[in-house]
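# What shape does this take:
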Amino acid sequence: MLYTMPLWKGSLTLQPGWQQFVIREELSLVSFGFLSMGLHLGVPIDDHAIFRIGLFGGSKLIPKDSTQAFFLSLKSGFCFYF
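Okay, the predicted model is just below:
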């Protein structure tokens, strides 16, 4: 987590990350490493659960070759704690 800003009912979080994708291409595996940055909005549902929705974007760093790759994804989920 890089930065979290409290909101009226919830929080806004800026989160850097690393994602590794492995793809099977015929008989070999190809691995890609992406540096990513996410922006999440967390909204409490009750005293023990938070609904989170976020937007992630990233750019390929590994392997460094002539192909360019960029991804953008929307993710959602629940966090439960006791």
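
# and stretch 2-9, average pLDDT?
Averaging pLDDT along stretch 2-9 gives 74.

# nope, stretch 55-68 is what I was after
75.

# Same question for stretch 32-46.
For stretch 32-46, mean pLDDT is 83.

# How about residues contacting that stretch?
7, 9-23, 50-63, 69, 71, 75, 78-79 (CB atoms under 8 Å, 6 or more residues apart in numbering). No exception for glycine: its C-beta is placed from N, CA and C like everyone else's.

# Parallel or antiparallel, which strands does the strand of greatest length in the chain pair with?
Under DSSP state E, the strand in the chain containing the largest number of residues is strand 28-46. Applying DSSP bridges, strand 28-46 is found paired with strand 10-25 (antiparallel), strand 49-62 (antiparallel).

# outside of the longest one, which residues touch it?
For strand 10-25, contacts defined as CB under 8 Å, 6+ apart pick out 1-5, 29-44, 50, 54, 56, 58.

# Out of the strands paired with strand 28-46, which is the most enclosed?
strand 49-62 (a mean of 15; mean count of other CB atoms under 10 Å).

# got the CA coordinates for that strand in PDB?
Taking C-alpha atoms only, strand 49-62 is exported to PDB below (Å, rounded to 0.1, in the frame of the first residue of the first chain):
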ATOM      1  CA  ALA A  49     -16.400  -6.900   6.000                       C
ATOM      2  CA  ILE A  50     -15.300  -4.400   3.300                       C
ATOM      3  CA  PHE A  51     -16.200  -4.400  -0.400                       C
ATOM      4  CA  ARG A  52     -13.300  -3.300  -2.600                       C
ATOM      5  CA  ILE A  53     -13.300  -2.300  -6.200                       C
ATOM      6  CA  GLY A  54     -10.200  -1.200  -8.100                       C
ATOM      7  CA  LEU A  55      -8.600  -0.400 -11.400                       C
ATOM      8  CA  PHE A  56      -5.200  -1.800 -12.200                       C
ATOM      9  CA  GLY A  57      -2.900  -0.800 -15.000                       C
ATOM     10  CA  GLY A  58       0.600  -1.900 -15.800                       C
ATOM     11  CA  SER A  59       3.400  -2.200 -18.300                       C
ATOM     12  CA  LYS A  60       5.600  -5.100 -19.200                       C
ATOM     13  CA  LEU A  61       9.100  -4.900 -17.800                       C
ATOM     14  CA  ILE A  62      10.400  -8.500 -18.200                       C
END
